[in-house]
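Student: one predicted model, sequence on top.
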Amino acid sequence: MAEQTPRVQIHFTPTGSSWVNQVERWFGLLTDTLIRRGVHTSVPVLEKDIREWIDTWNADPKPFTWTETADEISTPSPATSPRSPHTTETTQTLGLEISDAGH
């Protein structure tokens, strides 16, 4: 049987543009830790909480560090395989963590 061609091919962006992914991850962290969990009674309260969160982050910033290679990220896992009945309900961890390295 001939080798199957994947339906989706991941193309990685140049290294210099990877900071955009890290900025997106930072906003995801903000959302996960503050906005989704918080109970904000008004927009001014939400703005105040976001500004405090940013000030706290900036007081002790930690870099985001890729922990997996491009090949490891692009290798399908059983949870993300097109053959999985739960494909639309699962997400693949992209091997990104917050690190104390260098700080």
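Tutor: Nice, thanks for sending it over.
Student: show me what residue 66 is bridged to.
Tutor: residue 96 (DSSP bridges).
Student: residue 8 and residue 25, how far apart?
Tutor: Computed as CB to CB, to the nearest Å, the residue 8 to residue 25 distance reads 22 Å. In short, each C-beta sits where N, CA and C put it, glycine included.
Student: who's more crowded, those two?
Tutor: Using other CB atoms under 10 Å, the more surrounded residue of residue 8 and residue 25 is residue 25, with 15 against 6.
Student: tell me which residues in the helix ranked longest in the chain are buried?
Tutor: Ranked by residue count, the top helix of the chain under DSSP state H comes out as helix 43-59. Going by neighbour count (16 or more other CB atoms under 10 Å), the buried part of helix 43-59 is residue 53.
Student: begin at 26 from now on, thanks
Tutor: New numbering, starting at 26: the last item is helix 68-84.
Student: who are the packing partners of it?
Tutor: helix 43-55 (3 or more CB pairs under 8 Å, 6 or more residues apart in numbering; DSSP states H and E).
Student: okay, the angle between the helix it packs on and helix 68-84?
Tutor: 120 degrees (axes from the mean of the first three to the mean of the last three CA atoms, to 10 degrees).
Student: buried residues in helix 43-55, which are they?
Tutor: Of the residues in helix 43-55, none is buried (16+ other CB under 10 Å).
Student: first-to-last residue distance for stretch 81-92?
Tutor: 25 Å (CA to CA, to the nearest Å).
Student: just the mean pLDDT for stretch 45-64, thanks.
Tutor: Here stretch 45-64 scores 81 as its mean pLDDT.
Student: sorry, that was for stretch 83-97
Tutor: Stretch 83-97 shows a mean pLDDT of 80.
Student: between the two ends of it, how far is it?
Tutor: Termini of stretch 83-97 sit 31 Å apart (CA to CA).
Student: now do the buried residues in it.
Tutor: 89, 91.
Student: what separates residue 98 from residue 47, distance-wise?
Tutor: Using CB to CB, we find residue 98 at a distance of 14 Å from residue 47.
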